[in-house]
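**Q** with the sequence up front, the predicted model follows.
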Amino acid sequence: MIKSGGFNRTIKLGISISDVILYHLSFVISFYLRYGLRPTFNYSAYQSALPYIMIAFIFINIFSGIYVLYNKRIIDTFSTTLISQIMMSVVIMAMTFFGRWFAFPRTIVLINLIVSTIILFAWRTLILEIYIRNAGTSKVMIVGNEEQSRETLLNFKTSRNRQYKVDAVAVDNYFNNIKKNIDNIDVFYLLDIETLEERKILTYLTRMNKRIFIGTDFGNILRTNNRIMNIDDESLIAVAKFEISPENDTIKRMMDVIVSLLMIIFTAPLMLFTVLAIKLTSRGPVLYKQVRVTKDQKEFEIYKFRSMRIDAEDLSGPVLAQAKDPRITPIGNYLRSLRIDELPQLFNVLKGDMSLIGPRPERPFFVDQFQEQNPYYYLRHTVRAGITGYAQVYGKYSSDFNSKLRFDLLYIKNYSLVMDLQILFQTVKILFDKVSSQGVDEELPTEKIYEDVRILK
């Protein structure tokens with residue numbers, strides 16, 4: 001059985017090598033479809049660019065999350081394959097221009113976009129099916145109080161993940177219930193348990209060689225990505241602050257400016273079309289400005305293409321977005337689902353109010369509410385707010401603020417430039433995920449949540 005963490009490194013390496021071979025084969029097929037026989041002059045330009053193309057191909061694959069299989073469906077495989085191949089087509093166009101490989105036929109790039117997407121999608125679907133069959137289903141026991149367990153169970157029930165199935169929930173007598181079920185449970189998911197009992201449970205599960213998941217409460221987040229120090233005979237852990245170092249922040253800011261400028265140029269025709277569409281379909285201004293909160297609790301005006309009626313909150317006052325929100329205009333639904341309404345925020349990034357990647361900025365009205373409910377909420381304002389973020393890529397739009405906060409704090413605590421690149425590459429995939437663009441919605445009925453699950457007391 002393949003356990004979580006995915007295929008081992010040897011198998012992943014084999015898959016990536018196969019990907020490179022199949023991508024090269026797709027070019028050979030594209031040349032054959034275009035010219036019948038391999039043209040020496042044009043094909044030699046491809047051969048010259050081949051090493052650089054394959055390096056870019058591997059780079060884009062890794063940062064697009066193609067080799068992370070444990071949480072994928074076939075639609076995810078298709079979307080990540082298509083997106084990565086579109087990116088590759090753009091990169092090859094730029095590469096052949098700046099590398100002065102002018103003999104490289106542009107029609108081949110377009111033909112290869114179709115051929116490589118079909119070949120790689122078929123191959124990766126086969127790999128995904130093999131992975132799912134070999135991984136099987138692991139039985140999970142959630143261990144924690146009733147309120148926390150309910151939220152975690154709901155997440156499992158609504159998850160796309162087929163590898164983990166909750167078999168039991170222990171809401172009391174934790175250690176005894178774990179001991180009684182040690183032989184028929186594969187994974188024990190520990191929530192916020194009293195320290196002494198948690199230590200006893202961890203010791204027992206470690207001795208029994210069982211897999212352990214732990215929740216992302218503040219204490220556990222605080223313990224991630226810290227530095228080990230040695231002072232004379234004593235080893236200790238220096239807890240890292242919730243901040244981005246000045247050096248990394250400078251690099252992050254440079255990347256923000258360069259990428260946002262390029263994106264403004266690239267999306268200018270789309271933004272112009274959006275301006276016309278809004279003007280023709282509803283009355284009111286094209287841009288929607290609203291006060292939000294960013295780094296150091298600083299307030300700023302965020303720019304968005306207007307997707308709601310101009311009188312949306314006249315009677316209701318500030319409210320969070322809802323699924324099937326009646327305040328949204330017909331064209332606004334498309335703008336939101338494709339994230340086009342967020343494009344003017346590229347100008348916020350240029351101004352320095354926002355970053356490309358970071359916690360999504362909230363309105364002061366909600367910030368005040370959330371800070372009263374959660375004493376750690378202020379920590380998300382130690383970095384600039386972002387157009388997209390860790391919560392947007394890996395969470396759901398409909399998650400409550402506490403769930404999003406945990407994602408945000410994990411991002412800040414574990415920040416790296418590589419992490420930013422991964423989020424940036426994977427943001428595009430959520431355009432294909434309807435769930436990620438919905439507002440807050442109603443949860444499952446209680447009887448559905450606890451269906452086929454044993455409650456242990």
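**A** Perfect, I can see it now. Just so it is clear, the model here is predicted, and its values are computed rather than measured.
**Q** low-scoring stretches of the stretch 1-150 of the chain, by residue?
**A** The model of the stretch 1-150 of the chain has pLDDT under 70 over residues 1-8, 37-40, 71, 99, 102.
**Q** where do the helices sit along it?
**A** 9-35, 40-63, 74-98, 106-135, 146-158 (DSSP state H, counting those that start in this stretch).
**Q** give me the angle between the first one and helix 40-63.
**A** Taking axes from the mean of the first three to the mean of the last three C-alpha atoms, to 10 degrees, helix 9-35 and helix 40-63 form an angle of 150 degrees between their directions.
**Q** now Ile132. Nearest residue, chain neighbours left out?
**A** In this structure, Ile132 finds its nearest non-sequential neighbour in Arg162, 6.4 Å apart by C-beta to C-beta, 6 or more residues apart in numbering. Where you see a C-beta, it was placed from the backbone N, CA and C, and this is true even at glycine.
**Q** tally of neighbours for the one you found?
**A** If you count neighbours by other C-beta atoms under 10 Å, Arg162 ends up with 14.
**Q** just the strands in the stretch 301-450 of the chain please.
**A** Taking DSSP state E, counting those that start in this stretch as the criterion, the stretch 301-450 of the chain carries its strands at 354-357, 385-388.
**Q** out of the ones you listed, nearest to Ile74?
**A** Ile74 lies closest, by C-beta to C-beta, to one member of those: strand 385-388, at 24.4 Å.
**Q** ok, and what's touching that closest one?
**A** 292-295, 342, 345-346, 348-349, 353-361, 423-424, 427 (C-beta atoms under 8 Å, 6 or more residues apart in numbering).
**Q** domain assignment for this protein?
**A** 9-134, 137-241+447-456, 246-437 (automatic domain parsing).
**Q** who are the contact partners of Phe425?
**A** Ile60, Phe63, Ser64, Gly65, Met87.
**Q** and the third one, how far is that from Thr382?
**A** Just to be clear, that refers to Ser64. Using C-beta to C-beta, to the nearest Å, Ser64 is found at 29 Å from Thr382.
**Q** who's more crowded, those two?
**A** Ser64 (21 against 17).
**Q** can you add distance to Asn225 and mean neighbour count and give the helices of the stretch 1-150 of the chain back as CSV?
**A** As requested, those are exported to CSV (distance: least, C-beta to C-beta, whole Å; neighbours: other C-beta atoms under 10 Å):
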stretch, distance to Asn225, mean neighbour count
helix 9-35, 22, 15
helix 40-63, 20, 16
helix 74-98, 26, 18
helix 106-135, 28, 17
helix 146-158, 23, 16
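**Q** reformat the ones you listed as JSON lines; add distance to Val169.
**A** JSON lines is the format used below for the helices of the stretch 1-150 of the chain (distance: least, C-beta to C-beta, whole Å):
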{"stretch": "helix 9-35", "distance to Val169": "34"}
{"stretch": "helix 40-63", "distance to Val169": "37"}
{"stretch": "helix 74-98", "distance to Val169": "28"}
{"stretch": "helix 106-135", "distance to Val169": "23"}
{"stretch": "helix 146-158", "distance to Val169": "5"}
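**Q** looking at the ones you listed, spot the one closest to Ser307.
**A** The closest of the helices of the stretch 1-150 of the chain to Ser307 is helix 74-98. By C-beta to C-beta, the value is 23.0 Å.
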